[in-house]
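Peer 1: From the sequence below, what's the structure:
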Amino acid sequence: MQFGGFGGFVTSALIAGAILWSFATTDVELSRLVSAGPRIADFLGRMFPPDPTVMAEIRKGSAETLRIAILGSLGAVILSIPLAILASETMVSPAVFRPIRTLLAFIRAIPLILVAMLMVGAVGLGPLPGIIAVAFHATGMLAKFYAEAIDGVSRAPIAALESAGAGPLVRLRYAIWPQMAPVVARDTIFRFELNLRESLILGIVGAGGIGFYIQTYVRSFQYDKAASVTMAVVAMVIAIEAINVALRRRFT
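Peer 2: You can find the predicted model right below:
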């Protein structure tokens with residue numbers, strides 16, 4: 001108990017020290033924020049009223065963003081299924097699942113925007129680099145979630161099939177999958193929502209989607225049009241959240 005109290009004190013001291021260090025070493029002048037007030041007000045003033053003449057671009061960008069999220073999520077699911085099996089300690093030996101888990105951690109460590117930039121450089125502008133970036137980045141998380149779902153099932157049905165001489169795929173189909181299916185559905189829906197949110201900004205680096213129009217209008221100082229696109233993005237995020245909540249209630 002005393003060790004736990006001391007450990008809590010040390011943790012609190014480290015957090016406080018990190019906060020103080022950040023304040024002391026970061027070049028932040030609050031006076032600049034105060035002096036920027038008029039410029040911020042002027043910027044916001046240029047955004048209103050929003051320009052409704054860009055509805056065609058909004059529809060086109062929103063549809064492209066949705067396609068990027070759907071195809072990227074599909075690619076991630078396809079890649080995650082075999083990787084999850086290889087990353088599960090229930091299915092394979094430590095010599096196999098440990099390197100695969102390291103690989104998945106490496107994939108998760110790479111920011112999506114960096115992957116998108118690399119793909120734009122490799123395959124050019126458009127939705128294709130966005131789809132590849134979303135599929136690659138989401139695989140690191142989905143495969144991990146799927147592997148954890150496999151490892152979290154009850155061992156009794158698996159042991160029963162093992163005693164009958166069933167192989168790994170038979171155990172997966174009849175003992176593991178019925179238990180993990182609701183978890184897989186929940187995690188896949190969650191990741192799709194995240195993919196759709198992230199796809200909204202991929203256009204900033206030329207990887208397709210509605211973010212391309214935000215970048216174009218801001219760079220050309222058409223802030224009223226940028227406001228219209230931004231409002232469309234907010235509406236999409238709210239709709240995504242509502243649909244996600246409904247689907248998660250359906251599968252859990």
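
Peer 1: give the contact list for the closest residue in space to residue 83 that isn't next to it in sequence.
Peer 2: Leaving aside its sequence neighbours, residue 83 sits nearest to residue 143 (CB to CB, 6 or more residues apart in numbering; 4.0 Å). The C-beta positions use only the backbone N, C-alpha and C, and glycine is treated the same way. By CB atoms under 8 Å, 6 or more residues apart in numbering, residue 143 lies in contact with 79-80, 83-84, 87, 104.

Peer 1: Could you do residue 202 as well?
Peer 2: 65, 68, 112-113, 116, 130, 133-134, 208-209, 211.

Peer 1: Just confirm residue 230 contacts residue 214, I think it does.
Peer 2: Yes: counting by CB atoms under 8 Å, residue 230 touches residue 214, with 6.6 Å between them.

Peer 1: quick one: which of these two has more around it?
Peer 2: residue 214 (23 against 18; other CB atoms under 10 Å).

Peer 1: doesn't residue 203 make contact with the more buried one?
Peer 2: Yes: contact criterion CB under 8 Å: residue 214 and residue 203 qualify, at 7.1 Å.

Peer 1: average pLDDT for the one helix or strand residue 247 maps to?
Peer 2: When elements are assigned from DSSP states H and E, residue 247 belongs to helix 223-251. Helix 223-251 shows a mean pLDDT of 81.

Peer 1: Tell me how many other residues crowd residue 97.
Peer 2: The local packing of residue 97 (other CB under 10 Å) involves 20 other residues.

Peer 1: what helix or strand does it sit in?
Peer 2: helix 94-109.

Peer 1: now do residue 178
Peer 2: helix 177-199.
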